[in-house]
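*Asks:* below are the sequence and a predicted model for it; my questions follow.
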Amino acid sequence: MSILSPEPGLLFWMLLTFGIVFFILAKFGFPFIVKSIDERKAFIAKGIEDAKKSEEQLAAAQLTCDGLISEAQSRKDSILREAAEQKERMLSEARELSLAEGRRLTELARRDAETEKQKAIRSLHNEVAFLSVQMSEQILRKELEDSDEQKALIDRFLSDLDDKTL
């Protein structure tokens, strides 16, 4: 007996055992194995399909996110531009108000100065008039110590008055 040439009885039982095992496997094992392989294949295909869908959703979300970011950036730029314009407008208004207030205060100060000047001029006129009256009174007292001179002065005054009124 040699290892390379088996006996026919052994070969028969080996073939019979192999046939029985193959039949049992074909009847019960292979359908289960094929079913498991098909399920695994379907699971992998579903995973691949889900991954593709997720990738598509991620791409759509990325596009939406990019759109939102660009919209937010443009809104930010718009808000900053409006804030700068409003700042300039407020500064311009404040400048105009301060200039107007300055002009008003200058005009008020000019009026006050003019009023004070008029008061000073009136006071000066009054003082000059008072001094003139005082000087005239002293001069007249000295010159009019005599009653004849007083009568002559009154006559001249009345005649000057008549000449002016006519």
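*Replies:* Looks like it arrived, so ask away.
*Asks:* now for Leu153, how many residues are close by?
*Replies:* Look at Leu153: counted by other Cβ atoms under 10 Å, it has 13 neighbours. In short, each C-beta sits where N, CA and C put it, glycine included.
*Asks:* where does the protein dip in pLDDT?
*Replies:* 1-3, 140, 142-146, 161, 164-166 (pLDDT under 70).
*Asks:* at 80 instead, please
*Replies:* When residues are selected by pLDDT under 80, those of the chain lie in 1-6, 132-158, 160-166.
*Asks:* middle-most residue in it, spatially?
*Replies:* For the chain, the residue lying nearest the average C-alpha position, counting by Cα atoms, centre = their mean, turns out to be Ala83 (2.9 Å).
*Asks:* any idea how far Lys76 is from it?
*Replies:* Per Cβ to Cβ, to the nearest Å, Ala83 is found 10 Å from Lys76.
*Asks:* just Ser98 next, same as before
*Replies:* Relative to Lys76, Ser98 is positioned 32 Å away (Cβ to Cβ).
*Asks:* kindly report the same for Ala84.
*Replies:* Using Cβ to Cβ, one gets 12 Å for the distance from Ala84 to Lys76.
*Asks:* can you check Gly9 too?
*Replies:* On the measure of Cβ to Cβ, Gly9 and Lys76 end up 93 Å apart.
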